[in-house]
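1. Task: produce atomic coordinates for the following.
(one chain, ligands or ions: 1)
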Amino acid sequence: MFDRIYRSTVLGVAGRRPIENLVRTRAWSVAARFVAGESSATAIAAVKELAADGILSNLDLLGEFVSSPETANAFAEQILSLQTQAAEAGVKPYVSVKLSSIGQGQVVDGSDLGYVNARRIVGQARELGGYVCLDMEDHPRVDQTLGQLRGLLNEYGAEHVGTVLQSYLYRSEADRDGLDDLRPSLRIVKGAYLEPESVAMPDKTDVDAAFRRLVYSHLKAGLDHPTQVTNIATHDESIIEDVKMFVVAHGIPRTRFEFQMLYGIRRDLQKKLASEGFTVRAYIPYGRDWYAYFSRRIAERPANVMFVLKGLLRG
Ligand SMILES: Cc1cc2nc3c(=O)[nH]c(=O)nc-3n(C[C@H](O)[C@H](O)[C@H](O)COP(=O)(O)OP(=O)(O)OC[C@H]3O[C@@H](n4cnc5c(N)ncnc54)[C@H](O)[C@@H]3O)c2cc1C
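-> Numbering: from 1, shown residues only. Below is the predicted model of the structure:
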């Protein structure tokens with residue numbers, strides 16, 4: 001319950017325009033802990049730095065809830081360009097996309113613009129041998145995102161597109177079971193949005209237990225399907241230790257799962273797991289529109305508020 005109150009307070013304060021302006025102008029040095037710069041060049045430099053430690057990357061151009069078709073199309077163009085730049089830099093394009101940033105919910109010429117743009121991005125990823133993960137946003141978008149994922153999986157194949165399930169949503173275990181016929185790779189997360197208790201578990205203990213159940217069921221379901229990968233996206237060491245034991249007990253090869261973490265969080269753990277021979281992938285967010293992402297990271301952990309306040313005082 002404390003987690004929910006804390007999260008709602010921080011996101012409420014962060015959502016006020018004067019606070020946003022203050023943080024945007026004075027706290028870039030703090031945001032830089034979580035965000036790999038504002039340009040694709042700085043993000044690709046971060047990819048190379050992580051690669052030196054044996055850590056793979058997942059690039060994310062920050063932006064969400066875009067309201068005009070022009071902005072959504074411009075955003076999609078930037079993601080297409082990012083995939084090309086990554087390939088040219090010798091990095092397999094692996095990107096995360098928020099469908100709301102490329103027009104989901106905006107109908108143009110009778111089609112959902114988010115889906116039209118997602119087809120362009122996943123189509124290009126297939127040509128380049130890359131992969132696109134559709135990030136999961138707030139709960140009203142889940143049905144449409146899963147529906148659009150189905151279309152993309154049928155057209156481009158599970159090697160090139162997958163999505164995310166959030167363990168805090170009551171519906172996610174049924175959603176996982178419902179996708180089994182298409183054998184998608186899934187990233188399992190706890191969930192970062194402020195959601196009502198009618199759809200999301202308020203108690204962290206329940207969210208953690210549901211996270212384990214989702215990971216274990218997807219790992220087991222993927223045992224006979226070599227392209228189905230379970231992406232275990234958490235910094236929670238006790239869960240990671242349990243997963244390590246689970247995969248040994250069930251004979252699940254290391255090629256069937258990845259540990260995924262966020263840029264700037266638990267780099268020590270990322271390096272340790274990579275040195276133990278696990279696949280580790282860091283989610284590298286970048287771009288000028290970093291404020292909403294940054295606010296969610298601050299809302300995850302009380303210690304981060306002090307970090308921001310110190311940064312503001314330093315200016
Ligand atoms: C690769 C990746 C992709 C994600 N994609 C999505 C998505 O598409 N949709 C979505 O809703 N959510 C997404 N998330 C966010 C996720 O839902 C959680 O909000 C976030 O990962 C924090 O939860 P946790 O599992 O790390 O565990 P927690 O139980 O919250 O934290 C465990 C430990 O992790 C460390 N930690 C966690 N968060 C922070 C932080 N902000 N700052 C510093 N230390 C921290 C601390 O050491 C903490 O004790 C993603 C997370 C990852 C790692």
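2. contacting residues for residue 15?
-> By CB atoms under 8 Å, 6 or more residues apart in numbering, the contact list for residue 15 reads residue 295. C-beta here means a position set from N, CA and C on the backbone, and glycine is covered the same way.
3. what's the answer for residue 270, then?
-> Counting by CB under 8 Å, 6+ apart, residue 270 has contacts 50, 53, 55, 259, 261, 280, 282.
4. Could you report the distance from it to residue 276?
-> Counting by CB to CB, to the nearest Å, the gap from residue 270 to residue 276 is 11 Å.
5. can you check residue 160 too?
-> Plainly put, residue 160 is 28 Å away from residue 276 if you go by CB to CB.
6. More neighbours: those two, which one.
-> residue 160 (23 against 10; other CB atoms under 10 Å).
7. any idea how far that one lies from residue 259?
-> Distance of residue 160 to residue 259, computed by CB to CB: 21 Å.
8. and if you look at residue 27?
-> Distance of residue 27 to residue 259, given as CB to CB: 29 Å.
9. same question, residue 23
-> 30 Å.
10. What of residue 129?
-> Residue 129 sits 22 Å away from residue 259, taking CB to CB as the criterion.
11. Just want to know which of these two has more residues nearby.
-> Ranked by neighbour count (other CB under 10 Å), residue 129 and residue 259 place residue 259 first, with 22 against 11.
12. Report the mean confidence score over the helix or strand harbouring the more buried one.
-> Here residue 259, judged by DSSP states H and E, is contained in strand 257-262. Averaging pLDDT along strand 257-262 gives 98.
13. Provide the strand pairings for that strand, with the direction of each partner.
-> strand 230-233 (parallel), strand 280-286 (parallel) (DSSP bridges).
14. How about that strand and the ligand, touching?
-> Yes: Strand 257-262 reaches the ligand (CB under 6 Å from any ligand atom) through 260-262.
15. gap between the longest helix along the chain and the chain center?
-> In the chain, assigned by DSSP state H, the helix with the most residues is helix 69-88. On the basis of CA atoms, centre = their mean, to the nearest Å, helix 69-88 is displaced by 18 Å from the centre of the chain it belongs to.
16. again with stretch 253-273
-> Chain-centre distance of stretch 253-273: 13 Å, with CA atoms, centre = their mean.
17. near the ligand, which residues of the stretch 151-300 of the chain?
-> When proximity is defined by CB under 6 Å from any ligand atom, the stretch 151-300 of the chain lies next to the ligand at 164, 166, 187, 189-193, 233-236, 260-262, 265-266, 283, 297, 300.
18. 8 Å - rerun?
-> Counting by CB under 8 Å from any ligand atom, the residues of the stretch 151-300 of the chain close to the ligand are 164, 166, 168, 187, 189-193, 204, 208, 211, 231, 233-237, 239, 260-262, 264-266, 281-283, 296-300.
19. So which of those belong to helices?
-> Mapping those onto helices (DSSP H) picks out 204, 208, 211, 237, 239, 296-299.
20. so which of the residues you listed would you say is closest to residue 38?
-> residue 297 (16.6 Å; CB to CB).
21. So for the residue nearest to the spatial centre of the chain, what pLDDT did the model give?
-> In the chain, the residue lying closest to the centroid (CA atoms, centre = their mean) is residue 135, at 5.0 Å. Model confidence at residue 135, given as pLDDT, is 97.
22. what's the answer for the one 4 residues further on, then?
-> Reported pLDDT at residue 139 in the predicted model: 97.
23. was I right about it contacting residue 194?
-> No: at 10.3 Å, residue 139 and residue 194 do not qualify as touching, with contact defined as CB atoms under 8 Å.
24. which helices and strands does the helix or strand bottoming out on mean pLDDT in the chain pack with?
-> The weakest-scoring helix or strand in the chain, judged by mean pLDDT, DSSP states H and E, is helix 302-314 (a mean of 75). If contacts are counted by 3 or more CB pairs under 8 Å, 6 or more residues apart in numbering; DSSP states H and E, helix 302-314 sits against helix 17-26, helix 28-31, helix 291-299.
25. Deepest-packed of those helices, please.
-> Across the helices and strands packed on helix 302-314, averaging neighbours per residue (mean count of other CB atoms under 10 Å) puts helix 291-299 on top, at a mean of 20.
26. Next, the angle helix 17-26 makes with that one.
-> Angle between the axes of helix 291-299 and helix 17-26 is 90 degrees (criterion: axes from the mean of the first three to the mean of the last three CA atoms, to 10 degrees).
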